[in-house]
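Asker: Could you look at this predicted model? Sequence included:
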Amino acid sequence: MPLSLSLALLGTGLAVPVLAGIATHQWLSRRRLARELAVLREQLARNRLELDRARTLARQESDLLDGIVAELRPAGTALARVADALAQENTGAQRQRLLDTLRRSARGIDGTLTTLADRALLQAGQLRLASGPVDLPVLLHELVNARRGAAGAGGIAPRLVVAAFSNQCVLADRERLAQLISLLIDAALAQADARGVTVTLTETVLAPRRIAVRLDLLSHALVRPEQAESLLLLPTLDPVPSALGSQGLALANARQLARLMGGRLGVTLGAQSLQLGLELEAPVADIAEVATVPQPRDDDSAPVPPRVAGMRRVLLVEDNRITQFVTVDSLARMGFEVATAGDGAEALELLGRLDVDLVLTDCDMPGIDGPELARRLRADPRHARLPIIAVTVDDSERMRADCRAAGMDGFLAKPIEPHKLQQLFDSIGGR
């Protein structure tokens, strides 16, 4: 075979696999590029969806903020008008009405601005919770009483029921917890009629130093059904419906606050009722931790009030060791010598061998409670005229009537405020 033909055949045999390899490489490259292109298209589609969602949320947030600005504008206008009217008014009654309007408007603006500031912190993940001892029944008592005072005579107000609660202090952020509970109380009051709102506090012991707390707020009416239906979104309220305005934003903050505290919110809507629920788990505070809590006083720089004439020794009857510690501290600051008893039976035993000028007793105690202790003391000629003051979270008219019927001389609602305690001591000492 000629040499030239042999070389030609050899070249053809080598070219076929080379060309096949090139073709295979190109095919694989096209497939890889097609897959990469498909991935890029999917990513682009997702980005477009995220962008559309972000634009929608931005529009909704803008609508919400516009609504809040519209809410603030009348309050701001009212402030300006009231300020002008105050400069011209002549009567004390008119001045008081104007001041009340001024106060409500200022509180409304302050509350809305606080809500907006909290919203920014929550959205950025920058809100941090403190930790300190919180007496939940006392905190609820403060919040409920504040709304009773704001409602005035004949107004719609909440009613507090403390059921199955040992009155222990828990570790939590008191300010934020008060804010969260206030939001829920106000949301329930917004739906209430003259029957008001029932606030119920219960606890479940999970471990020796840990409890589960449940707070239920029941409105016995639905005066604004359209807003109540929006509350069904409360556990997952995002985005906030613009129609809810600042209240919706505050409730959205409440949901996130509850989550930060390790709790959860619940909403139950009946035909003619609304129930809001808050569940939290919290550790129980030690007395050493409660010792760091500042006690309420009118003026930290004020001198210790003088002892009441003829009254120096006080017997405090309190079954909760933490509340006992705090109250003893307040009494000592007022210049009294204090003996303590953990229950009514111990108080009777102590009074058999101690001379005291006054008994300060909790009402809700196991065994011999406050009213029963008072009845037994009044039946004993030695203590028939011994001043007895009731101290309790339950400041209902029923409890007051029970204390009066038992022969008690006075009544104080927790938390004890030193100036009110002093006033009561003065009135008893002057009899």
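Answerer: Done, it's in.
Asker: Residue ranges in the stretch 1-150 of the chain under the pLDDT threshold?
Answerer: 1-21, 54-55, 57-73, 75-92, 100, 103-104, 149-150 (pLDDT under 70).
Asker: in it, which spans are helices?
Answerer: 3-88, 92-124, 136-151 (DSSP state H, counting those that start in this stretch).
Asker: what's the answer for the stretch 151-300 of the chain, then?
Answerer: 174-189, 225-231, 245-260, 287-290.
Asker: Those: lowest mean pLDDT?
Answerer: Least confident of these, judged by mean pLDDT, is helix 287-290 with a mean of 55.
Asker: After it, which helix or strand is next? Please name it.
Answerer: Of the helices and strands lying after helix 287-290 in sequence (DSSP states H and E), the nearest is strand 313-317.
Asker: Pull out the buried positions in that next one.
Answerer: Using 16 or more other C-beta atoms under 10 Å as the test for burial, strand 313-317 gives Val314, Leu315, Leu316, Val317. For the C-beta atoms, the positions are set from N, CA and C on the backbone; glycine is no exception.
Asker: same check, this time on stretch 180-194
Answerer: 180-192.
Asker: try stretch 139-150
Answerer: Under 16+ other C-beta under 10 Å, the buried positions of stretch 139-150 are Leu139, Leu140, His141, Leu143, Val144, Arg147, Arg148.
Asker: Can you name the residues in contact with that stretch?
Answerer: When contacts are defined by C-beta atoms under 8 Å, 6 or more residues apart in numbering, stretch 139-150 is touched by residues 157-160, 162, 174, 177-178, 181-182, 185-186, 189, 199, 201, 215, 393, 395, 413-415.
Asker: In ChimeraX, how would I select just the buried ones from these?
Answerer: Selection command for ChimeraX covering only the buried members of those, criterion 16+ other C-beta under 10 Å:
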select :157,158,160,162,174,177,178,181,182,185,186,189,199,201,215,393,395,413,414,415
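Asker: For the helix or strand encompassing Thr361, what does the pLDDT average out to?
Answerer: Using DSSP H and E, Thr361 sits in strand 358-362. Average pLDDT, strand 358-362: 92.
Asker: For it, give me every contacting residue.
Answerer: Outside of strand 358-362, the residues within contact range by C-beta under 8 Å, 6+ apart are 311, 313-320, 323, 327, 331, 344, 347, 351, 370, 373-374, 377, 386-392, 425, 428.
Asker: angle of it against strand 313-317?
Answerer: For strand 358-362 against strand 313-317, the angle by axes from the mean of the first three to the mean of the last three C-alpha atoms, to 10 degrees is 20 degrees.
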